Structure formats: structure tokens, C-alpha cells
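A.B. asks: sequence first, then the predicted structure, then my questions.
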Amino acid sequence: MSTETADPGHGHSPAAWTAVTIMLIAFVVGTVAFFFDAQWLVWASAGLLVVGLLVGWVLARVGYGVGGSKVAEKAH
């Protein structure tokens, strides 16, 4: 029985970190804007959330995702 498993990486890549950071900022700004009843900023933060998703997808496609050509593998 082998103890080695194929580790998918769990998103530990520059693409994932960038996408999550942008989306986290959007979520925080949207929450604060909702609290202060700034509807335009709530919708702008929703747009920023979509931008974060697209940035992550684009970075993964150009090689910065898990197993990408531009990502150095780390030894565990």
C-alpha cells in the first residue's frame, strides 16, 4: 500500500492567492458599504468580485496556476 497521494495543490499558486486577495478586498468593501448604505459602492464591490475571479482565471491560463509552467514547485 502506497502512502503517496496525488496532491492537487489546493490552490497554492500565485493565481489563486491573487484572486482570493482581490475577492476578499471586494467582500470587505462591499460589507462596509452595505453597512453605510452606499448602494453604488456595494455594486462596485460586486463588480470587483467578478474582476478577481477573472484575474485568477487569466493568471491560471497563462501559467501561474497549480502545476503551471511559471510556478516553481515547492518540496514538502
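C.D. replies: That came in fine, so what should we check first? Since the structure is predicted, the reported quantities are computational estimates derived from the model, not experimental observations.
A.B. asks: look up how far Ala72 lies from Tyr64.
C.D. replies: Taking C-beta to C-beta, to the nearest Å as the measure, Tyr64 falls 11 Å from Ala72. Placement of C-beta: from N, CA and C, glycine included.
A.B. asks: same deal with Val62?
C.D. replies: Taking C-beta to C-beta as the measure, Val62 falls 16 Å from Ala72.
A.B. asks: the two - which one has more neighbours?
C.D. replies: Val62 (12 against 4; other C-beta atoms under 10 Å).
A.B. asks: would you mind measuring the gap between the ends of stretch 54-72?
C.D. replies: 23 Å (C-alpha to C-alpha, to the nearest Å).
A.B. asks: pull the distance from that stretch to the chain's centre.
C.D. replies: Stretch 54-72 sits 11 Å away from the centroid of its parent chain (C-alpha atoms, centre = their mean, to the nearest Å).
A.B. asks: so for that stretch, what gets flagged as buried?
C.D. replies: Using 16 or more other C-beta atoms under 10 Å as the test for burial, stretch 54-72 gives 55-56, 59-60, 64-66, 68, 71.
A.B. asks: adding distance to Val42, pLDDT and secondary structure, write those residues out as CSV.
C.D. replies: Formatted as CSV, the buried residues of stretch 54-72 follow (distance: C-beta to C-beta, whole Å; pLDDT from 0 to 100; DSSP: H, G, I helix; E, B strand; the rest coil):
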residue, distance to Val42, pLDDT, secondary structure
Val55, 20, 97, helix
Gly56, 22, 95, helix
Leu59, 26, 95, helix
Ala60, 28, 93, helix
Tyr64, 30, 93, helix
Gly65, 30, 90, coil
Val66, 32, 84, coil
Gly68, 34, 86, coil
Val71, 35, 83, coil
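A.B. asks: now, which of these sits nearest Val29?
C.D. replies: Val55 (16.0 Å; C-beta to C-beta).
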